[in-house]
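# Mind folding the following:
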Amino acid sequence: MKRQSTAAVWLVSLAAILVASVQILPAQDFTVRTKDQDGKTAIHYVSRNAVRDVASNPVEFDIIYRLDTGKIIRLNHHAKTYAEITPAEARQQTEKKAGMSAQQAMMRRSGNNSWTVSVTKIGAGGTIAGYATEKYATKTPITEGEVWVAPALEAPPAYYDISNSYTAAQTGSMGQIGKELQARQVKGFPLKMVGTATMPMMKGMSFTQVAISVEKAPIPPSTFDPPAGYRKVAQ
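This is a model prediction of the structure:
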């Protein structure tokens, strides 16, 4: 995106939630490379015991979900540090959050005090990166978007629980999107996502992420560990 703002960060977080919120089952390792609206590339490594999301923006954090140990690892490449948190600790952070989130504040300023989320299946979404997809529409009080999910791409079921715990802790009420997708038992991995702001104060903000390749091959276990020389810090 051309400029940094609360709204821009919100839309990027929406994409992360959509990736983390589908229900997925154990299968062969695979790697998905995506591009956003600015041409920046992100990478998602998915294995039986862990998943790693490599951010498209170098100033953002990589997130590693260790399904085997129940830990969430956040890598800061700029500082060469990493922090660990468990899903239970993430839920505690969510419960302890005080005051209004940025999203809620924007909604209140626009006269909308309710938070409702809808997910609607549209139908077949076409082939993306060689995989057939199903298309869904998503809507919140401040954004609307669409997500294309490939049912043939599967990952461990624990990914949903651990990733949504972390996402809810970081973005507050946005975790409701994940709950709605879980309730609908959406299966597969998202290969395309688009989101657009609908509130006047966020006018012009949008997000796009689309898969440019999918590779099925074993992923080295070291991919899911902090790099050598990185220092552990408090979450």
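# Number of residues surrounding the closest residue to residue 51 other than its chain neighbours?
Leaving out its chain neighbours, the residue that sits closest to residue 51 by CB to CB, 6 or more residues apart in numbering is residue 65, at 4.6 Å. All C-beta spots, glycine's among them, are computed from the backbone N, C-alpha and C. For residue 65, the neighbour count with other CB atoms under 10 Å is 26.
# Quick check on residue 65: phi, psi?
Here is the backbone geometry of residue 65 (degrees, to the nearest 10): phi -100, psi 110.
# distance of it from residue 136?
Computed as CB to CB, to the nearest Å, the residue 65 to residue 136 distance reads 22 Å.
# Check residue 61 too.
For residue 61, the distance to residue 136 - CB to CB - is 27 Å.
# and these two? which has more neighbours close in?
Legend: neighbour count by other CB under 10 Å for residue 61 and residue 136, higher for residue 136 (23 against 18).
# so what secondary structure elements neighbour the strand or helix carrying the more buried one?
Residue 136 is part of strand 131-139 when elements are defined by DSSP states H and E. On a contact count with 3 or more CB pairs under 8 Å, 6 or more residues apart in numbering; DSSP states H and E, strand 131-139 meets strand 118-128, strand 143-150, strand 189-197.
# among those strands, which is nearest residue 211?
Residue 211 lies closest, by CB to CB, to one member of the helices and strands packed on strand 131-139: strand 189-197, at 4.0 Å.
# Quick one: list the elements packing against the closest one.
helix 6-20, strand 30-36, strand 118-128, strand 131-139, strand 143-150, strand 206-215.
# Dump it to CSV, restricted to CA.
Once non-C-alpha atoms are left out, strand 189-197 reads as follows in CSV (Å, rounded to 0.1, in the frame of the first residue of the first chain):
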residue,chain,number,x,y,z
PHE,A,189,-6.1,-22.9,1.7
PRO,A,190,-6.9,-19.4,0.5
LEU,A,191,-5.2,-18.6,-2.9
LYS,A,192,-6.7,-15.2,-3.4
MET,A,193,-8.0,-12.4,-1.2
VAL,A,194,-9.3,-8.9,-1.8
GLY,A,195,-10.5,-6.4,0.7
THR,A,196,-11.8,-2.9,0.4
ALA,A,197,-12.6,-0.3,3.1
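# Which strands border it, and is each parallel or antiparallel?
Next to strand 189-197 in the sheet, as set by DSSP bridges, lie strand 143-150 (antiparallel), strand 206-215 (antiparallel).
# Which one of those strands has the poorest average confidence?
Ranked by mean pLDDT, these end with strand 143-150 at the bottom, a mean of 88.
# if we look at it, which residues are touching it?
10-11, 14, 18, 22, 122, 125-126, 128, 131-139, 186-198, 202, 207, 214 (CB atoms under 8 Å, 6 or more residues apart in numbering).
# hmm, back to that, now tabulate the helices and strands packed on strand 189-197 in CSV and tack on distance to residue 80.
Formatted as CSV, the helices and strands packed on strand 189-197 follow (distance: least, CB to CB, whole Å):
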stretch, distance to residue 80
helix 6-20, 23
strand 30-36, 24
strand 118-128, 35
strand 131-139, 36
strand 143-150, 34
strand 206-215, 27
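# Most tightly packed of those?
Among the helices and strands packed on strand 189-197, strand 143-150 has the highest mean neighbour count (mean count of other CB atoms under 10 Å), at a mean of 23.
# So which bits of stretch 52-59 are buried?
By 16 or more other CB atoms under 10 Å, the buried positions in stretch 52-59 come out as 52-56.
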